[in-house]
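Visitor: kindly return the folded structure for what I paste below:
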Amino acid sequence: MTLVLNRIDDRLIHGQVVVGWGQPLDVRFIVLVDDAVAASDWEQELYRMGVPPEMEIRFHSAAAAAPLLDDYRLESRAGILLTGDIGTMRALVEHGGVRDVNLGGIHHRAGRTQHLRYVFLTPEEERALRDLAAHGAVVTAQDVPSTRAVPLDELLATREPS
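Guide: From the prediction side, this is the model:
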């Protein structure tokens, strides 16, 4: 196996990631890449409580994770690479190797426009996603495996009523 999902989800670890994706993909580890969480033992402990004992979780800053991507791709078990924001995933895509990016949940905040019920983006975030695609990443939005993956062009052309 390897990293079977590279996901951006601003809630990081929660039931949809652990159960919705983790169980069907038989995930055995999660690589959570977030600078603030990597620096906080307290936050790491909170996220550890959200995963079952058979699922390992590893915490890294973006700078520390980038050189480890090749090692994670060689894992014999299935894993998820998880970031809470587009900028962190962009750093990993630019480093190389991350070629498929799943938008799982980017929720409402001031200045964001709704594209799907679970994806709200600022114009800057839209440009950052286009930049990911320009770097060779296939970007799709999909909240759970049983739903259709929405391609980036379609996602950005969609505006849903708030």
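Visitor: so, low pLDDT: which residues of the protein?
Guide: Counting by pLDDT under 70, the ranges of the chain that qualify are 1, 161-162.
Visitor: Val105 belongs to a strand, doesn't it?
Guide: Actually, residue 105 is Gly. It isn't Val. Yes. Assessed with DSSP: H, G, I helix; E, B strand; the rest coil, Gly105 lies in a strand.
Visitor: ok now do it, which residues does it touch?
Guide: Gly105 sits next to Asp9, Asp10, Arg11, Gln16, Tyr118, Val119, Asp143 when contact means C-beta atoms under 8 Å, 6 or more residues apart in numbering. Where C-beta positions appear, they are placed from N, C-alpha and C, glycine not excepted.
Visitor: who does it form a beta bridge with?
Guide: Asp9 (DSSP bridges).
Visitor: so it versus Val17, what's the distance?
Guide: Distance of Gly105 to Val17, computed by C-beta to C-beta, to the nearest Å: 9 Å.
Visitor: one more: Leu68?
Guide: 20 Å.
Visitor: more neighbours: which of these two?
Guide: More crowded of Leu68 and Val17, by other C-beta atoms under 10 Å: Val17, with 24 against 14.
Visitor: now what about the longest helix that the chain contains, what contacts it?
Guide: Under DSSP state H, the helix in the chain containing the largest number of residues is helix 123-134. If you take C-beta under 8 Å, 6+ apart as the criterion, helix 123-134 is touched by 86-87, 89-90, 93, 101, 103, 106, 112, 121, 139, 152, 156.
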